[in-house]
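I'd like to go over a predicted model; first the sequence, then the structure.
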Amino acid sequence: MTVFYRRMPKMDYMRPDSLDQILDLLAEGETGQYKMYAGGTDIIPKIKKRIINHPQILVDLKGLKALDYIEYDEKSGLRIGALTTVRSVAHSLVIKEKFPILSQAADSIASIQIRNRATIAGNICNAVPSADSAPALLVLNAELTCISRDGERKILINEFFHSPGKTILAPHEVLKEIQIPVPDKNMRGLYLKLSPRSRMDLAVVGVAVLGTVKAGMFKDVRIGLGAVGPVPFRAKNAETLLKDFKIDDKIVNDAARTAASESRPIDDHRASGEYRRMMVEVLVRRGLKDIIS
C-alpha cells in the first residue's frame, strides 16, 4: 500500500540544551504553543498526516543529554532518563539481567531504526493502548518523576494513563525519569506480543506476566495487558485469584479466563475484539506456565 505524506506545516523549531529552558517555555507559553518531542517517531508522522494539530513551535528534547542515562542501585533500583532510547533499554546488560521483561518489551518495539531513535518515555507518553513498554512497566510497579516550574511530583505508572492518547501530565509538565524498584530475586517474567510480524507492527495483544512461586504456590503474580482496553492496565481480578493459591492447571486456566474477561478490546482493521479477548486468555496462560516451569 502506498502512503502519501503531505508536506510538514510551517512551524518554528527549537532545541534547548537545558531542562531549565524547557520548563521556562512550558511555564510562560500559551496552551498549544509548544509541542515537545524526544525521538519524534510518533509525532512527526502524525503532524504530516494532520492527525494532530501542529504547534507554533516544535521543541526537540534531544539536546538534553543529561536525561539520557540508565542507572542501577541494589537498594533504590533502576532509573531511566527520559531521553534514553528504546535500543539502549533493550540492550542494557543490567536491564537484561535484573529486569529482563522490560528488555523483551523494548526489543519488540517497531524496527531497529525506530528503536535507535525512539525513547521509552515517549512510548508511554504517547499513551497508545498498544504501547509495548507499558505492560512491562505496569508489572514492574514503575514510578514516574514529572517536573515543572512548580517542582517535581511522583506518579505511579498505573495512574499515568488517562485515555487513548492522553496521560495525566499537566500542560506545563514533562516526564523526567522512570524508576523501577528492585524486584524479588525469585521473580520470573515474560512479555508476549501478538502481532502479524512480531516486530514492526503494533501489538494486537500485549501481555506481561511477572511473578514468584514458593512451595508450589503462586505468591506475588502481576499481569499487565496492552491493546485490549482504552489504556494499558493490570488484570487485578486474575492476580487476586492466583495469590497464595496452589499451582495446578485449573487455577492457571481460571486466571487466564479471568484476565480475558477483564479486557475491553475493540474491533478494528487489525483484529476483532472477540479474537483479542481469546488471545489474552492464550497468552496469559502461556505466561503463567512459563513462570512455573
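Cool, the structure landed.

helices or strands next to the longest helix seen in the chain in the packing?
Criterion DSSP state H: the longest helix present in the chain is helix 273-292. When contacts are defined as 3 or more CB pairs under 8 Å, 6 or more residues apart in numbering; DSSP states H and E, helix 273-292 packs onto strand 188-194, strand 205-214, strand 217-226, helix 249-262. All C-beta spots, glycine's among them, are computed from the backbone N, C-alpha and C.

any chance of these in a markdown table, plus mean neighbour count?
Formatted as a markdown table, those follow (neighbours: other CB atoms under 10 Å):
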| stretch | mean neighbour count |
| --- | --- |
| strand 188-194 | 22 |
| strand 205-214 | 25 |
| strand 217-226 | 24 |
| helix 249-262 | 19 |
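
now those as a markdown table including distance to K75?
Below are those laid out as a markdown table (distance: least, CB to CB, whole Å):
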| stretch | distance to K75 |
| --- | --- |
| strand 188-194 | 21 |
| strand 205-214 | 20 |
| strand 217-226 | 19 |
| helix 249-262 | 32 |
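
distance to Y69 and mean pLDDT added to those, as a markdown table?
Formatted as a markdown table, the helices and strands packed on helix 273-292 follow (distance: least, CB to CB, whole Å; pLDDT from 0 to 100):
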| stretch | distance to Y69 | mean pLDDT |
| --- | --- | --- |
| strand 188-194 | 23 | 96 |
| strand 205-214 | 24 | 97 |
| strand 217-226 | 25 | 96 |
| helix 249-262 | 35 | 98 |
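
which one of the ones you listed lies nearest to D268?
Evaluated over these, closeness to D268 peaks at strand 205-214, with 12.5 Å, by CB to CB.

the closest one: how far from the chain's middle?
16 Å (CA atoms, centre = their mean, to the nearest Å).

strands of the stretch 1-150 of the chain, start to end?
Counting by DSSP state E, counting those that start in this stretch, the stretch 1-150 of the chain has these strands, from start to end: 12-14, 34-37, 57-60, 70-73, 77-81, 143-148.

would you mind finding the most buried of the ones you listed?
Burial of the strands of the stretch 1-150 of the chain is given as mean neighbour count (mean count of other CB atoms under 10 Å); strand 77-81 ranks first at a mean of 21.

CA atoms only: put that one into CSV for me.
Provided in CSV are the C-alpha atoms of strand 77-81 (Å, rounded to 0.1, in the frame of the first residue of the first chain):
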residue,chain,number,x,y,z
GLY,A,77,16.6,0.1,41.9
LEU,A,78,16.6,1.2,38.3
ARG,A,79,16.5,4.8,37.0
ILE,A,80,15.9,5.5,33.3
GLY,A,81,16.2,9.1,32.0
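
on that earlier part again, need the strands of the stretch 1-150 of the chain in CSV (columns: mean pLDDT).
Formatted as CSV, the strands of the stretch 1-150 of the chain follow (pLDDT from 0 to 100):
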stretch, mean pLDDT
strand 12-14, 89
strand 34-37, 86
strand 57-60, 89
strand 70-73, 98
strand 77-81, 98
strand 143-148, 97
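
what would those strands look like in a markdown table with distance to V213?
Formatted as a markdown table, the strands of the stretch 1-150 of the chain follow (distance: least, CB to CB, whole Å):
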| stretch | distance to V213 |
| --- | --- |
| strand 12-14 | 51 |
| strand 34-37 | 42 |
| strand 57-60 | 46 |
| strand 70-73 | 25 |
| strand 77-81 | 22 |
| strand 143-148 | 26 |
